[in-house]
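**Q** Have a look at this fold, sequence not included:
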């Protein structure tokens, strides 16, 4: 663990930190809850039936859908009282709010200022991936958006046992929960911190073994298969090739643009400005991003790594005192349209365009401030 | 690095190797189960889905002849019988009836093991079991001596999971002349089969033949709702066998089909290696077997109401 991080953390009382995090979380829950309430139901086939069947039956015997393997969220949501949609919206709101808080904590751990951490946290909560899961709530993604930054932070801080326990549970929701372990392992290995690297690697393997055992158990005991999922067809292009075939070039470009929007402009400069560890994490995440972009739809899979993109973008935003917040605000408003699918077509388009213009201006301002 | 970490890492490597081997075995199964191999539970074709309420399930069991060496799982006797039964049972204008079939026969299975084999697959809940007995004097599993599923396997004996990776690696290694693959297959086979034993005999013997078939009929009656079709191979004169089985088959829920009664079955052109039926052979045999199966299905009220 970094000494400066330890010292910085020990200077603030624990109750105060927890209190701040709770207030932060509550504020995000209120905002995201309002958006989830306003977000319309998807007008297309979603994975709702699969998740509801898992919630109702525990296991769906003979299931050939990849979502059947993702049992944790339906198992946790099922016992809660109330309407199914309400419960799942509540889960998505809570997870995305927790993701925002986790990104805030991770940004501080990585050595960013509190202002930059706020930017990163806000961008996480109101980014495309988060808001899209408030529209299509029947998915394990919101939990992954939380676990990515949370596990990375815990592993960097040396709390490997806690991370391993949470990861072992989280991997039952989605395979991505194992990724932060290998991400941090690579980072430690590059830093030649071999002992930490091996410890994290062992923990990651334990999480991976849990996933493997559960998957094989479901396959052998309940006849689950990946037959209905392109993701498992690793030699045949997985989901990526099918997705590219189904989309026009314009559709692919639009989907990819919507995913990160102005962050594409901000993050590269942020990478150059980033503390060494954040840079190493970003580089180590590239193979993971490539893998998940290949097996899943890239326009949604890449948001799993938002917890590294947003701190980099935040480093640029904080260097433009006026333009930075404006850029973030327009980014969030644009995502209300493309992510949460709120019926604000013209405003959303305007906000997306404005965020890009403001983002470029922010980069220029940040470059000037860096050179001066 | 601490000693504990090294031990944990070593343990993980062992567990991951075992899990990856199982995963590779499952992948190998998906490649061969529709062709000449068996699925993870040791029967031919893909693993069956849970039986539905409106489903009539037919199982074909026995030894080499029922297994259908040389034809794909979808070309063996069971699917041919299923098709004929389906035409009769699933009729338009009546409530929908699904007819499914499964080949639970095993290569090299001695008649003395038919009864336990039927019990093993009772969980598939067949409505009609077609017991195709290998004839007296038949050399079990042929000259190659491949037992499918591999009943020496300790994994199969313990968990019912039928490993196929050793055989696939051995055969791929032989075809591709890859010593490494053959060696890997042999090593896996040795590890898995080290503690097992081959209980089956070499040749179907006359002694205890009728007692074995009678025991199998009793087991099949216990496992099925509709009944049992006992099928005798067309290679021998079955008169003495029929006489000895008379008491075993003289029951309401049992039908006897002697394939020798159909002169077409004597045509050598319907066999692949002088013994195993070709696709056409299975189709011709299915005519007689399906007729008996339909009788049992209708008698049990499983047909279209």
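**A** Yep, it's here. Here the structure is a predicted model, which means the values were calculated and not measured.

**Q** Point to the residue nearest the middle of the chain.
**A** By default, I'm working from chain A. Nearest to the geometric centre of chain A sits residue A:145, at 2.9 Å (C-alpha atoms, centre = their mean).

**Q** try chain B instead
**A** Central residue of chain B (C-alpha atoms, centre = their mean): residue B:105, at 2.0 Å.

**Q** and that residue, how far is that from residue A:63?
**A** 29 Å (C-beta to C-beta, to the nearest Å). C-beta: built from backbone N, CA, C; applies to glycine.

**Q** swap in residue B:268?
**A** Taken as C-beta to C-beta, the span from residue B:268 to residue A:63 is 47 Å.

**Q** got any ranges where the stretch 251-372 of chain A has weak pLDDT?
**A** A:372 (pLDDT under 70).

**Q** what sits against the residue in it that chain B sits nearest to?
**A** Using C-beta to the nearest C-beta, the single residue of the stretch 251-372 of chain A nearest to chain B is residue A:295, 15.8 Å away. Contacts here follow C-beta atoms under 8 Å, 6 or more residues apart in numbering or on different chains; on that basis residue A:295 touches A:231-232, A:234, A:238-240, A:301.

**Q** avg pLDDT for stretch B:62-80?
**A** Taken as a whole, stretch B:62-80 has a mean pLDDT of 93.

**Q** Residue B:272: neighbouring residues, count only.
**A** Other residues near residue B:272 number 14, with proximity taken as other C-beta atoms under 10 Å in any protein chain shown.

**Q** ok, back up a step: so which of the contacts of residue A:295 wins on neighbours?
**A** Most neighbours among these, by other C-beta under 10 Å: residue A:301, with 24 neighbours.

**Q** quick one: contacts of the one helix or strand residue A:299 maps to?
**A** For residue A:299, the host element (DSSP states H and E) is helix A:298-301. Applying C-beta under 8 Å, 6+ apart, the contact partners of helix A:298-301 are A:129, A:132, A:141, A:240, A:243, A:255-256, A:258-259, A:289, A:292-293, A:295.

**Q** and with 7 Å instead?
**A** Contact with helix A:298-301 is made by A:129, A:240, A:255-256, A:259, A:292-293, as judged by C-beta atoms under 7 Å, 6 or more residues apart in numbering or on different chains.

**Q** Please give the element, helix or strand, for the residue lying closest to the residue nearest to the centre of chain B once chain neighbours are set aside.
**A** Leaving aside its sequence neighbours, residue B:105 sits nearest to residue B:66 (C-beta to C-beta, 6 or more residues apart in numbering or on different chains; 3.4 Å). Using DSSP H and E, residue B:66 falls within helix B:64-67.

**Q** and the nearest residue to residue B:37 once chain neighbours are set aside, what does it touch?
**A** Nearest residue to residue B:37, sequence neighbours excluded (C-beta to C-beta, 6+ apart): residue B:164, at 5.6 Å. Residue B:164 is in contact with B:25, B:28-29, B:32, B:37-38, counting by C-beta under 7 Å, 6+ apart.

**Q** Could you find the lowest-pLDDT member of these?
**A** Out of the contacts of residue B:164, that is residue B:37, at 86.

**Q** The residue nearest to residue B:105 and residue B:77 touch, don't they?
**A** Yes - between residue B:66 and residue B:77 a contact is recorded at 6.4 Å, counting by C-beta atoms under 7 Å.

**Q** where do the contact lists of those two overlap?
**A** Both residue B:66 and residue B:77 are in contact with B:60, B:132, where contact means C-beta under 7 Å, 6+ apart.

**Q** for residue A:111, helix, strand, or coil?
**A** coil (DSSP: H, G, I helix; E, B strand; the rest coil).

**Q** swap in residue A:342?
**A** Secondary structure for residue A:342, judged by three-state DSSP, is coil.

**Q** what about it, how many neighbours?
**A** 20.

**Q** That one - nearest residue in space that isn't next to it in sequence?
**A** In space, residue A:342 is closest to residue A:336, 4.8 Å off (C-beta to C-beta, 6+ apart).

**Q** To what extent is the one you found buried, counted in neighbours?
**A** 21.

**Q** what's the spacing between the residue nearest to residue B:105 and chain A?
**A** Distance, residue B:66 to chain A, by C-beta to the nearest C-beta, to the nearest Å: 24 Å.

**Q** ok, that residue - contacts?
**A** Per C-beta under 7 Å, 6+ apart, neighbours of residue B:66: B:60, B:77, B:103, B:105, B:132.

**Q** From residue A:87, how far out is it?
**A** Residue B:66 is 51 Å from residue A:87, by C-beta to C-beta.

**Q** same check, this time on residue B:302
**A** Taken as C-beta to C-beta, the span from residue B:302 to residue A:87 is 42 Å.

**Q** Neighbour count: those two, which is higher?
**A** Between residue B:302 and residue A:87, counted using other C-beta under 10 Å, the more crowded position is residue B:302 (22 against 18).

**Q** Give me the below-cutoff pLDDT ranges for chain B.
**A** Residues of chain B that meet the criterion pLDDT under 70 lie in B:1, B:141-146, B:194-201, B:304-305.

**Q** Break down it into its strands, ranges please.
**A** Using DSSP state E, the strands of chain B run over residues B:55-62, B:98-103, B:128-133, B:227-232, B:254-258.

**Q** can you redo these as CSV with distance to chain A?
**A** Listed next are these as CSV, based on distance: least, C-beta to the nearest C-beta, whole Å:
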stretch, distance to chain A
strand B:55-62, 13
strand B:98-103, 13
strand B:128-133, 22
strand B:227-232, 27
strand B:254-258, 32
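
**Q** a markdown table for these, including distance to residue A:196 and mean neighbour count?
**A** Shown next, in a markdown table, are those (distance: least, C-beta to C-beta, whole Å; neighbours: other C-beta atoms under 10 Å in any protein chain shown):
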| stretch | distance to residue A:196 | mean neighbour count |
| --- | --- | --- |
| strand B:55-62 | 56 | 27 |
| strand B:98-103 | 53 | 23 |
| strand B:128-133 | 61 | 29 |
| strand B:227-232 | 66 | 26 |
| strand B:254-258 | 71 | 20 |
